[in-house]
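> A predicted structure for the sequence below; I have some questions about it.
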Amino acid sequence: MPTSKKTIPLIMPTSIDIPPSSLAYKYKFLSRLSTQFGDSFYTANSKRFDNNCTDFLHAFQFEYPKTNLGYSYKTNYLPLFCSNANKLGLYAEVVSRFELNLALHLGVKAENIIFNGPAKSFADIKFALEAGIQINIDSIDEFKLIAKLRNSNPNTVFNLGIRCNFELNNIAPSRFGIMAPSEELQQLVKEINSWSSTHLKGLHTHICTPSKRVEEYSEMIHKVIDLADQLFPESPPEQLNLGGGFFSRMPESLKQRWKGRIPEFGDYAKAIAQPMWARYGSDNSPELILEPGLAVVADCMELVCRVTALKQLRNKNIAIVSASIYDIKPTKNTANLPIEVITEEKGDNKQCWDITGYTCMEDDILYRGYRGELNVGDFVVFSNVGAYTLVLNPPFIKLPPPVIMIENDKPIKELRSCDTETDFWQSFSF
């Protein structure tokens, strides 16, 4: 792993003699951070992350005590969050050698790492299995690589799981895993069970449902339980893993994007964990594993940026800010995220604005139809940007923003520095 860069001393806003709840305080606070870190930066809330993980886990353990979580590194691999997940006793759910190395670097034990993903190389498989890390098999071709390795390592204990591809009502077919139920899957289980020093720990599935409804997860867990009964007739497997894809906590303004009530953690727990308890109870029961990412990290980061220019084009008001859509919605989702505008002085010039980014892309629109006052120099704070932003944030036109840890409205630590141009270009050959 690369060595950590020297942490820059943070400017602490202790001398701002204004009530912390006031708009003027917020403006001066962000101005001081902007002076040190630039006109766009992320803030991270580790306490909220810890609370989300704990609340999610406890909701499931209330219904089925033998439950644990695997934090999805691919959703946000900020080392602070990954390290906190490990301290909470969660698994590290990784999908690449890059993420696997991070987990090991953070001190995650090999037995607490779950290696998923559809494109593991032979070198990655060899490294993981020989280290004692569990691999969930995604395809027959991947299994062939494992079988080849088995022949040359007959006495090494291999920890394996199988990712299963189920057909669900009204859900588009997934491209991941092995068809279930199927003769191919039965033969795969039979062959693995014939190997010495190999531990088939259980079944895994992860099917993203666009609506994220609890009914879909209820259907999924029943299919997994039925398949486990078929493949493990003598005794249940050690674990059943249902993956992730759950809703996160969000403000009311964001909930309005979806029709109907947004499920809470407890709703998912009842849909998934209650059938587990009904089937297995507490005796000789499998461990239920969930792999949340977005559900626990989405509301743990904000992006702060600044209004750099205002203009009117063909009866439309345009505000240009010091960030881009790639910083808050790299998938270019058109839904508006919750925002707060922090201005030095409030006036009466309220209009309708499209808040746009600094790139040359026509669709670089961070917020459509904001109604209120905007002035050059105002700060715009986007919330619920913790999921898939850091991991998909490209060095496009500008380098990605830094990340600062905030506690009790004070900056505590710089978690990711903003690379200089020299730092960035060192990876290229001239």
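Thanks, I have the structure now.
> what about the helices in the stretch 251-400 of the chain?
252-255, 265-280, 294-297, 325-328 (DSSP state H, counting those that start in this stretch).
> what's the closest of those to Ala24?
helix 252-255 (24.5 Å; C-beta to C-beta). Where you see a C-beta, it was placed from the backbone N, CA and C, and this is true even at glycine.
> and that closest one, how far from the chain's centre?
When C-alpha coordinates are averaged (C-alpha atoms, centre = their mean, to the nearest Å), helix 252-255 and its chain have centres 20 Å apart.
> tell me the domain ranges of the chain?
23-46+299-425, 47-292 (automatic domain parsing).
> Deepest-packed of the helices of the stretch 251-400 of the chain, please.
helix 294-297 (a mean of 26; mean count of other C-beta atoms under 10 Å).
> CA atoms only for that one, dumped as PDB, please.
Below are the C-alpha coordinates for helix 294-297, written out as PDB (Å, rounded to 0.1, in the frame of the first residue of the first chain):
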ATOM      1  CA  LEU A 294     -25.300   2.600   0.000                       C
ATOM      2  CA  ALA A 295     -27.600   1.900   2.900                       C
ATOM      3  CA  VAL A 296     -25.000   2.700   5.500                       C
ATOM      4  CA  VAL A 297     -22.800   5.300   3.700                       C
END
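> re the thing from before, of the helices of the stretch 251-400 of the chain, which is nearest Ala335?
Closest among those, using C-beta to C-beta: helix 252-255, at 7.8 Å.
> Which helix or strand contains Phe428?
Using DSSP states H and E, Phe428 sits in no helix or strand.
> that older thread, same list, the helices of the stretch 251-400 of the chain, but as CSV with mean pLDDT and distance to Pro181 please.
Shown next, in CSV, are the helices of the stretch 251-400 of the chain (pLDDT from 0 to 100; distance: least, C-beta to C-beta, whole Å):
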stretch, mean pLDDT, distance to Pro181
helix 252-255, 90, 37
helix 265-280, 98, 17
helix 294-297, 98, 29
helix 325-328, 96, 42
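> so where's the stretch 301-430 of the chain shaky on pLDDT?
349 (pLDDT under 70).
> Mind jotting down where the strands sit in it?
Using DSSP state E, counting those that start in this stretch, the strands found in the stretch 301-430 of the chain span residues 301-313, 316-321, 339-342, 351-356, 365-372, 379-383, 403-407, 410-416.
> picking up where we left off before, can you add distance to Lys350 and give the helices of the stretch 251-400 of the chain back as TSV?
Below are these laid out as TSV (distance: least, C-beta to C-beta, whole Å):
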stretch	distance to Lys350
helix 252-255	18
helix 265-280	38
helix 294-297	33
helix 325-328	23
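> Of those, give the one that comes closest to Asn193.
Among the helices of the stretch 251-400 of the chain, helix 265-280 sits nearest to Asn193 (C-beta to C-beta), with 20.6 Å.
> other SSEs contacting the closest one?
helix 46-63, helix 214-231, strand 287-290 (3 or more C-beta pairs under 8 Å, 6 or more residues apart in numbering; DSSP states H and E).
> do you know which of the ones you listed lies nearest Lys413?
Nearest to Lys413, of the helices and strands packed on helix 265-280 and by C-beta to C-beta, is helix 46-63 at 9.4 Å.
> mind listing what's buried in that closest one?
Ser46, Arg48, Phe49, Asp50, Asn52, Cys53, Phe56, Leu57, Ala59, Phe60, Glu63 (16 or more other C-beta atoms under 10 Å).
> ok, so what distance separates the fourth one from Leu80?
Pointing back at Asp50 there. 10 Å (C-beta to C-beta, to the nearest Å).
> Next: the first one.
Using C-beta to C-beta, one gets 6 Å for the distance from Ser46 to Leu80.
> Quickly list what's touching both of those two.
By C-beta atoms under 8 Å, 6 or more residues apart in numbering, Ser46 and Leu80 have these common neighbours: Met405.
> Count the residues that sit near Arg373.
I think there's a mix-up here, since residue 373 is Glu and not Arg. 16 (other C-beta atoms under 10 Å).
> That one reaches Lys346, doesn't it?
Yes. At 6.6 Å, Glu373 and Lys346 qualify as touching, with contact defined as C-beta atoms under 8 Å.
> on that earlier part again, for the helices and strands packed on helix 265-280, give me CSV that also has distance to Glu302 and mean pLDDT.
Formatted as CSV, the helices and strands packed on helix 265-280 follow (distance: least, C-beta to C-beta, whole Å; pLDDT from 0 to 100):
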stretch, distance to Glu302, mean pLDDT
helix 46-63, 11, 98
helix 214-231, 29, 97
strand 287-290, 26, 98
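> Tabulate those (a markdown table), appending distance to Thr156.
Shown next, in a markdown table, are these (distance: least, C-beta to C-beta, whole Å):
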| stretch | distance to Thr156 |
| --- | --- |
| helix 46-63 | 32 |
| helix 214-231 | 24 |
| strand 287-290 | 23 |
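> Only the buried residues of stretch 238-252, if you could.
Gln239, Leu240, Asn241, Leu242, Gly243, Gly244, Gly245, Phe246, Phe247, Ser248, Arg249, Met250.
> Between its first and last residues, what's the separation in that stretch?
40 Å (C-alpha to C-alpha, to the nearest Å).
> returning to that earlier point: list just the nearest of the buried residues of helix 46-63 to Tyr25.
Distances from Tyr25 to the buried residues of helix 46-63, taken by C-beta to C-beta, are shortest for Arg48, at 21.1 Å.
> Is the closest one in contact with Asp299, as I believe?
Yes. Here Arg48 reaches Asp299: they are 6.5 Å apart, a contact under C-beta under 8 Å.
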